[in-house]
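S.K.: Pasting the sequence and the predicted coordinates here, then a few questions.
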Amino acid sequence: MTESTLALGTRAIHAGAPDERAAGAVVTPIYQSSTYEYHGESYHDVGYIRLSTTPNHNVLGERIASLEGAEAGLVTGSGMAAISAVLLTTLAAGDHLLTQDVLYGGTNGLFDNALTPLGISRTVIDPQRPDTWADALRPKTKAFYVETLSNPLVQLADLEAVVAFAREHGLVTVIDNTFASPVNFRPAEHGFDLTIESCTKYMNGHNDIVAGSVVGSAGRVRAIKMTLDHLGGSLDPHACFLLERGLKTLPVRVRHQNDSAARIAARLEAHPEVATVQHPSLASHPQHERAGRLLDGFGGMMAFSLRGGVAAAEGLLAETRLVAHAPSLGGVDTLAVRPHAAVHSGLSEEQRAHAGIDPGLIRFSVGLEDPEDLIADLEQALAGR
Ligand code: PLP
């Protein structure tokens, strides 16, 4: 059932479910069978977990496509499995692509350590300066890769210009929408060809699995599935079950996180110990107007720095009681990390400086705890400064 007239919250629960329930079960059971009876299908359609063809995979592919407003969807073994399958399908040796300057560290690592040696090159562009992009084009430029909100400073690229530029120059547009989730932004509705999610984050939302997804046209998703089948990046059925369960509450969770994050960001910005706060809900955010126009919600991710620098940041991370000092994001538990020392430690000092990642910056992923309790926790930790 995939009626697009149903609201997002309804589709999160019902889209893609088979018309007839298996043995009457309300919830999709876990199909823990690696292989299925053969009925003469071609290789990529054979029932086999690695080929992402089990009932658990099929429900998720359709459900995520419905949530993203796209024709077809595919679930993958991790966000990186989705990113690598997309890039290895879209680009071949000798090809070139444009990427936003600040990307998730794992994606940068994939470019530098796996794609560059294969002969795929890229030019890093400033996502706020469309006037500079044409200079970066080469005869074999094939794709334009961006993220909806950058990590960790939650900057919003000029996404409308990305789509217009790519159309003008015949480039495939790929966007990692992990920080927004389809609740806050559905890139397919704005003309992006391929949307990737690390479902490890908001989509599943409970910090208990890794998973990924890709949506786009049926033809593109089919080609990416064939690459994924060869790479072996499928999702295990038990993780499929957990992801399907997590997706049912996605809209409720993300809307709550949007509200909590905006409240916390406003309170932090007014706090005397806090030097800077980056959250798209704030009037001080450089793309506040664009975020208000393009996004359905400002998201649960923010970054802030303290007047006391690194020592104060380390103190805060040690003193909070409800906030876990851990990487990752988008789950029910609030997590905080100092990107300079953790998630962005693989970048050079120069790259971190360019990305605006000061040593004292804290990335904060708001969970589902009551926002007033989180504010009180932050305030007691700041009081010790
Ligand atoms: N994209 C973004 C924006 C991320 O933050 C992450 C992980 O942190 C990934 C992709 C990779 O996802 P996964 O860890 O599920 O492979």
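M.R.: Received the coordinates, thanks.
S.K.: what's the distance between the helix or strand containing residue 213 and the middle of its chain?
M.R.: Residue 213 is part of strand 212-216 when elements are defined by DSSP states H and E. With C-alpha atoms, centre = their mean, to the nearest Å as the basis, strand 212-216 stands 10 Å off its chain's centre.
S.K.: and the helix or strand following that strand with strand 212-216, angle?
M.R.: With elements assigned by DSSP H and E, the helix or strand that comes after strand 212-216 is helix 218-231. Relative orientation of helix 218-231 versus strand 212-216 (axes from the mean of the first three to the mean of the last three C-alpha atoms, to 10 degrees): 150 degrees.
S.K.: What is the distance between helix 218-231 and the centre of its chain?
M.R.: Helix 218-231 has its C-alpha centroid displaced from the chain centroid by 20 Å (C-alpha atoms, centre = their mean).
S.K.: How about whichever helix or strand comes after it, which residues are buried there?
M.R.: Heading C-terminal from helix 218-231, the first helix or strand you meet, by DSSP H and E, is helix 237-248. Residues of helix 237-248 classed as buried by neighbour count (16 or more other C-beta atoms under 10 Å): 237, 239-244, 246-248. The C-beta positions use only the backbone N, C-alpha and C, and glycine is treated the same way.
S.K.: same thing with stretch 227-240?
M.R.: Buried residues in stretch 227-240 (16+ other C-beta under 10 Å): 227-229, 233-237, 239-240.
S.K.: That stretch and the ligand in contact?
M.R.: No - using C-beta under 6 Å from any ligand atom, stretch 227-240 stays clear of the ligand, coming no nearer than 9.7 Å.
S.K.: for that stretch, how far is the first residue from the last?
M.R.: Terminal residues of stretch 227-240 lie 20 Å apart, using C-alpha to C-alpha, to the nearest Å.
S.K.: Which residues are in contact with residue 156?
M.R.: 148-150, 280, 287, 290-291, 294-295 (C-beta atoms under 8 Å, 6 or more residues apart in numbering).
S.K.: can you redo these as TSV with secondary structure, distance to residue 325 and neighbour count?
M.R.: Below are the contacts of residue 156 laid out as TSV (DSSP: H, G, I helix; E, B strand; the rest coil; distance: C-beta to C-beta, whole Å; neighbours: other C-beta atoms under 10 Å):
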residue	secondary structure	distance to residue 325	neighbour count
148	coil	26	25
149	coil	22	26
150	coil	22	24
280	coil	24	29
287	coil	28	20
290	helix	32	17
291	helix	28	25
294	helix	32	19
295	coil	28	21
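S.K.: Which residue is the nearest non-sequential neighbour of residue 334?
M.R.: residue 367 (3.8 Å; C-beta to C-beta, 6 or more residues apart in numbering).
S.K.: quick one: which of the buried residues of stretch 227-240 is nearest to residue 195?
M.R.: Among these, residue 228 lies closest to residue 195 (C-beta to C-beta), at 15.6 Å.
S.K.: which ones are touching the closest one?
M.R.: If you count contacts by C-beta under 8 Å, 6+ apart, residue 228 has them with 52, 74, 76, 81, 85, 234.
S.K.: Of these - the most surrounded one?
M.R.: Using other C-beta atoms under 10 Å as the neighbour test, the contacts of residue 228 are led by residue 76, with 30 neighbours.
S.K.: Next one: it from residue 24, what distance?
M.R.: Computed with C-beta to C-beta, to the nearest Å, the distance linking residue 76 and residue 24 is 30 Å.
S.K.: Just read off the phi/psi values of whichever residue of the stretch 151-300 of the chain sits closest to the ligand.
M.R.: With C-beta to the nearest ligand atom, the shortest gap between the stretch 151-300 of the chain and the ligand falls at residue 198, namely 3.1 Å. Listed backbone geometry of residue 198 is phi -80, psi 100, with angles given as degrees, to the nearest 10.
S.K.: Going forward, count from 48.
M.R.: Got it, first residue is 48 now, which makes that one residue 245.
S.K.: That one: how many residues sit nearby?
M.R.: Residue 245 has 29 nearby residues by other C-beta under 10 Å.
S.K.: can you pull the contacts of it?
M.R.: Counting by C-beta under 8 Å, 6+ apart, residue 245 has contacts 125-127, 129, 223, 225, 257-259.
S.K.: how does it look with 7 Å?
M.R.: Residue 245 sits next to 126, 225, 259 when contact means C-beta atoms under 7 Å, 6 or more residues apart in numbering.
S.K.: Excluding chain neighbours, give the residue nearest to the residue of the stretch 48-197 of the chain found nearest the ligand in space.
M.R.: Closest contact between the stretch 48-197 of the chain and the ligand, by C-beta to the nearest ligand atom, is at residue 126 (2.3 Å). Leaving aside its chain neighbours, residue 126 sits nearest to residue 245 (2.6 Å; criterion: C-beta to C-beta, 6+ apart).
S.K.: bridging residues for the one you found?
M.R.: residue 259 (DSSP bridges).
S.K.: neighbours around residue 346, how many?
M.R.: 29.
S.K.: What is the three-state secondary structure of it?
M.R.: Here residue 346 is coil, with the state taken from DSSP: H, G, I helix; E, B strand; the rest coil.
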